[in-house]
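> Pasting the sequence and the predicted model now:
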Amino acid sequence: MFKLLLHQWKEAQRSTFWQKSIALNILLVIIGLYLLLNVIALGYFADEILQKTYKDSNVIDSYNRILFYFFSFDLIVRFLFQPLPILSIQAYLSLPIKKSTLLHYPLVKSVFNFMNLLGFLLVLPFFLKVICHTQSPLYCFTWFLVVIAFIAANNFLTFFLKKYFTKKPALIFLILGFVAVLVYCDIANLISISDSFSEMFSFLNLHPVLLVVPIAMATASYSIAYHLLKRNSYIEDIISRQTRRIGSFSFLNRYGEIGDLIGIELKMTLRNKRPRSLMMLGAVFLLYGFLFYKEESLNDYYILIIAGVLLTAAAAFNHAQLMFAWNSSFFDSFLVNKISLKNYIKSKFLFFAVICIACYFITLPYAFISYKIALINTAVLFYNIGITFFLLAYASSFSTSRIDMGKGTFMNYEGMGISQFLIIIPLFALPSLFQLLFSSIGYPQYGIYALGITGLIAIACNKFLIQIILTQLVKRKYKMAVGFRQK
Amino acid sequence: MIQFSNLKKAYGPNVVLSIADLTINKGECIGLVGNNGAGKTTMLSLLLDLIEASAGSVSSKGELVSKSDHWKTYTGSFLNEGFLIPFLTPIEYLEFIGGLHGKNSSDVKEFLHENANFYTDDITAKKYLRELSAGNKNKIGILASLLIKPEILILDEPFANLDPSSQSWLKSKLKKLRENGITAVISSHDLNHVTEVCSRILLLEDGIIVKDKNNTEEMLEELESYFTLI
């Protein structure tokens, strides 16, 4: 087992993730350290934040209540991003290593993943600073054990959720939806699970024998994951885990070459892990309205514009920033076959527009909070379709790295270059600049109209803009194709 | 039909292919042979406009392949896995390629029926292309290139990874196509396959055509002695 774990260390150390430019590596390390420091700081100052936010409550009770939200959110985030390390045993299956060791290996390996580290770093400062200083040794022990048990249970339950997602997606969506509904009901004060969760710690402190329950919960989740691996440990099971049949979209055939190309884009998105996960992440952004649309921010046009961009374009943006790189593993097929590059760009444009429009209608009910939201989101929608798409398409033509679509999204920057990072600035800054300009002359609402009208003009000029992208693509296609062929 | 004029491909100072003048006539079946790194795939890639020439040009039916897309309407090709769309099923892929040439699902079915001896159930099963074996992936690529009823056929190592009976099938298919006047350029490491199918053989060495002769016993002997001596 030790040797296997050593392989994991080597795998991480020698990952192609680090084979980028030194500047990009330094940037990523700085961002990573900054995030970790933020997490530690959040854990360390949690008592002060809670004291100010919930003045009437005991800090530990408030923290314990928040743990309920944390573990619920953690489970959903893990489902979306935590990689399933099942494939890591494939290379060892034919070697003289006991099968049970091989099956325990990915489970033990998963203990060292980033999500567990994140959870641990979030609770440890609070534990050392507050719990240890104010509570009895028994309470400290109980509290720490329960928290670790929940982190472990979430970690191993993710195996189950991810594995069964390929077989019974509806069931898994139901489970995750149920968790989301519970959290929502708690926030809306319909039921109070977080209070019960908080009381559980005191209850376990009074009845320590019941500590066997969280321990059993963690052990059971490990056992479920182990047996799941055991049942699926033959190579054919490992490989077929990715095999899922999703619609043929034959109705698109009637729209000619563009319809066929949109069909390919749809199948590519739904049948491959990375684009699918990115799209699902985009769906999470649809909930951002609950964060942004507060009473105090409804008069702040800047916040409403940023929210509008996130709500109506995050899913499309996630996908479109790697617009051409998604096709890297079969780009040659597009070059040698009778496919018009103009239609290829048009299909990307329509795909982007359809996602934006779908997100727009899904988030339209936020307009019940304020009519301004509908107005701004409409303007932003036009802007995104008319301007954002073409900015992204232009930036994407500089991407020359091949993408492995079977990999997860978490900390995966394959296909991302400096242009993809830089493009984020104008995407958010340009709409705000419109606003700044018109606010400075005293007509903030005209900034919204200007944004929408600019988008509409760009949509009307789409043929011209597509021609610009086409010229760029023709100019760049050899460089892109050479890069895409590098495995 | 296909004309190479002063064609050169170089990576920095390293020239990997240099063809001063070469004409491939309609109905000719060219066999490209040479050792690893001789420039066979580079030549085919330039012919398909997959890489940019450092100098010179390739034209097909009088049109430069780098300036016009018209050649794609009558050229079938398969060089490697990069030509396949990995998340489609074989049938979906063939329908997609066929669709680009105005063929519908029933045309594809009919085509598969006509060529049923070339593939196994694995191809018609609901598997994605990425899940097929190397041999079956090759078969799909070859079938897609034949599906469009090409006037020009370009294949890189088509016999690699194929079982003996599929190799035989492919050889007889290529012979039949040659009789029907198709123009083909096929690279291979197996001299027997090339000499059995092709009418003219080009031997490449370090990016230069060192032999260009019709397929005769004499040429075969020359090639055998070349590869033995080397």
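Yep, that arrived. Numbering: from 1, shown residues only, chains lettered A, B, ... in the order given.
> Would the helix or strand of chain B with the lowest mean pLDDT count as contacting chain A?
Least confident helix or strand, chain B: helix B:121-124 with a mean of 74, by mean pLDDT, DSSP states H and E. No - judged by Cβ under 8 Å from any Cβ of the partner chain, helix B:121-124 and chain A are separated, with a smallest distance of 13.3 Å. Placement of C-beta: from N, CA and C, glycine included.
> what packs against that helix?
helix B:90-100, helix B:134-147 (3 or more Cβ pairs under 8 Å, 6 or more residues apart in numbering or on different chains; DSSP states H and E).
> what's the pLDDT at the closest residue to A:I369 other than its chain neighbours?
Nearest residue to A:I369 in three dimensions, chain neighbours excluded: A:Y293, at 4.9 Å (Cβ to Cβ, 6 or more residues apart in numbering or on different chains). On pLDDT, A:Y293 comes in at 82.
> Run through the residues that contact A:Y293.
Counting by Cβ atoms under 8 Å, 6 or more residues apart in numbering or on different chains, A:Y293 makes contact with A:A307, A:Y366, A:I369, A:S370, A:I373.
> repeat for B:S57
Per Cβ under 8 Å, 6+ apart, neighbours of B:S57: B:F4, B:S5, B:N6, B:L7, B:L64, B:S66.
> mind checking which of the helices and strands packed on helix B:121-124 is nearest chain A?
Evaluated with Cβ to the nearest Cβ, the helices and strands packed on helix B:121-124 place helix B:90-100 nearest to chain A, the distance being 4.6 Å.
> how big is the angle separating that closest one from helix B:134-147?
Angle, helix B:90-100 to helix B:134-147, by axes from the mean of the first three to the mean of the last three Cα atoms, to 10 degrees: 20 degrees.
> Show me what helix B:90-100 is packed against.
Applying 3+ Cβ pairs under 8 Å, 6+ apart, one finds that helix B:90-100 contacts helix A:256-271, helix B:105-114, helix B:121-124, helix B:134-147.
> Please identify the helix or strand for the residue nearest the centre of chain A.
Central residue of chain A (Cα atoms, centre = their mean): A:L281, 3.9 Å from the mean position. Following DSSP states H and E, one finds A:L281 within helix A:273-285.
> Now do that helix: distance to the chain's middle.
6 Å (Cα atoms, centre = their mean, to the nearest Å).
> Does chain B have contacts with it?
No - using Cβ under 8 Å from any Cβ, helix A:273-285 never reaches chain B; the gap is at least 9.7 Å.
> Could you give me the buried positions within that helix?
A:K273, A:R274, A:P275, A:R276, A:S277, A:L278, A:M279, A:L281, A:G282, A:F285 (16 or more other Cβ atoms under 10 Å in any protein chain shown).
> likewise stretch B:111-128?
Neighbour counts over stretch B:111-128 (16+ other Cβ under 10 Å) mark B:F111, B:L112, B:N115, B:F118, B:Y119, B:I123, B:Y128 as buried.
> List the contacts of that stretch.
Under the criterion Cβ under 8 Å, 6+ apart, residues A:243, A:245, A:271, B:86-91, B:94, B:98, B:103, B:132-133, B:136, B:139-140, B:142-143, B:146-147, B:165-166, B:169-170, B:173 lie in contact with stretch B:111-128.
> hmm, 7 Å instead?
By Cβ atoms under 7 Å, 6 or more residues apart in numbering or on different chains, the residues outside stretch B:111-128 that reach it are A:243, A:245, A:271, B:86-91, B:132, B:136, B:139-140, B:143, B:147, B:166, B:169.
> now the helices: where do they sit in the stretch 101-250 of chain A?
A:114-126, A:132-134, A:137-167, A:169-187, A:193-206, A:212-231, A:235-240 (DSSP state H, counting those that start in this stretch).
> got the angle for the helix holding A:L281 vs helix A:256-271?
Using the same axes, to 10 degrees: helix A:273-285 against helix A:256-271 is 80 degrees.
> just to revisit the earlier point, closest to A:Y344 out of the buried residues of stretch B:111-128?
Nearest to A:Y344 among the buried residues of stretch B:111-128 is B:Y128, at 21.8 Å by Cβ to Cβ.
> Downstream of the biggest helix by length in chain B, the next helix or strand is which one?
The helix spanning the most residues in chain B, taking DSSP state H as the definition, is helix B:164-179. Later in the chain than helix B:164-179, the nearest helix or strand by DSSP H and E is strand B:183-187.
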